[in-house]
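# coordinates only, sequence not included:
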């Protein structure tokens, strides 16, 4: 599993994404791009992210299919769920995490995502896509104000954790406020832009240009590219 702070489909992430394809063990991996989180920003943005994902992973040698799930009705489409069921790598791009969770929770596509994880497919989430893979995800009740936050249950594929993407683009005191509001016992993963955290067999390793900040309550730790830790 890969949690990416920001930078989906950028040239700077090509080497990292090639590594994700290699991890599938397939000579020509089947990749699904799921841009659902961006749909509230408009049809052009939504289809634009899908097209960027197809071009990016296609240039790396993958067979790529965009699954254009716009809402809960689309998330119950059998063909869309089947596409996830046949994928070697599923990539959830960024946008609105609350919308993404509302669209996918308890739907055919949401269940196919969980089933793909259980069978060993590679899951990658960027920004909002990374947030929903964790145990909790937050929404601002008032735009860009850190108090109070609305906490939503995520897909719980990173047990006990929550993700703050774009971590280096925020003032760290603001991130600290968010961390201190986290549900009791949670580990907060602050992931910088163009930086990824890759989990395998319980260990997590940092990749990319910058670092990951880990909060356990009031205790803060920093990890740079190549360094690993356990949650």
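That came through fine. This structure is a prediction, so every number in the text was calculated from the model and none was measured. Numbers count the residues shown, from 1 in each chain.
# The longest helix anywhere in the chain packs against which elements?
Ranked by residue count under DSSP state H, the longest helix found in the chain is helix 43-59. Secondary structure elements in contact with helix 43-59, counted by 3 or more Cβ pairs under 8 Å, 6 or more residues apart in numbering; DSSP states H and E, are helix 14-23, strand 30-34, strand 63-66, strand 89-92. Yep, even glycine has a C-beta here, placed from its N, CA and C like the rest.
# Repeat the analysis, applying 6 Å as the threshold.
If you count contacts as 3 or more Cβ pairs under 6 Å, 6 or more residues apart in numbering; DSSP states H and E, helix 43-59 packs onto strand 30-34, strand 63-66.
# unless I'm mixing things up, residue 158 is touching residue 134, no?
Yes: proximity of residue 158 to residue 134 meets the contact threshold set by Cβ atoms under 6 Å, at 4.4 Å.
# overlap in contacts of these two?
Residues touching both residue 158 and residue 134 (Cβ atoms under 6 Å, 6 or more residues apart in numbering): there are none.
# tell me the helices in this protein, going along the chain?
Using DSSP H, helices in the chain cover 14-23, 43-59, 72-75, 78-85, 97-104, 108-119, 128-133, 172-180.
# distance between the ends of stretch 134-153?
This stretch, stretch 134-153, spans 8 Å end to end (Cα to Cα, to the nearest Å).
# what's the most buried one of the helices and strands packed on helix 43-59?
Using mean count of other Cβ atoms under 10 Å, the stretch among the helices and strands packed on helix 43-59 with the largest mean neighbour count is strand 30-34, at a mean of 25.
# partner strands of that one, parallel or antiparallel?
strand 63-66 (parallel), strand 89-92 (parallel) (DSSP bridges).
# Quick one: neighbours of residue 38, just the number.
For residue 38, the count of nearby residues is 25 (other Cβ atoms under 10 Å).
# Could you report the separation of the nearest residue to it once chain neighbours are set aside from residue 87?
The shortest distance from residue 38 to any non-neighbouring residue, by Cβ to Cβ, 6 or more residues apart in numbering, is to residue 95 (3.6 Å). Look at residue 95 and residue 87: by Cβ to Cβ, to the nearest Å, they are 20 Å apart.
# can you check residue 192 too?
Residue 192 is 27 Å from residue 87, by Cβ to Cβ.
# hmm, back to that, indicate which one of the helices of the chain is closest to residue 196.
Among those, helix 14-23 comes nearest to residue 196, with 5.9 Å by Cβ to Cβ.
# contacts for the closest one?
2, 29, 60, 62, 89, 122, 124, 196, 207.
# The fifth one - how many residues pack around it?
The reference is to residue 89. Residue 89: 24 neighbours (other Cβ under 10 Å).
# Specify the beta-bridge partners of it.
With DSSP bridges as the rule, residue 89 is bridged to residue 31, residue 122.
# how about it, what does it touch?
With contacts defined as Cβ under 6 Å, 6+ apart, residue 89 is in contact with 20, 24, 29, 31, 122.
# Just to check, the second one is in contact with residue 90?
It stands for residue 24. No: here residue 24 does not reach residue 90: they are 10.7 Å apart, not a contact under Cβ under 6 Å.
# how close does residue 89 sit to residue 28?
With Cβ to Cβ as the criterion, residue 89 and residue 28 are 12 Å apart.
# Understood, closing this out.
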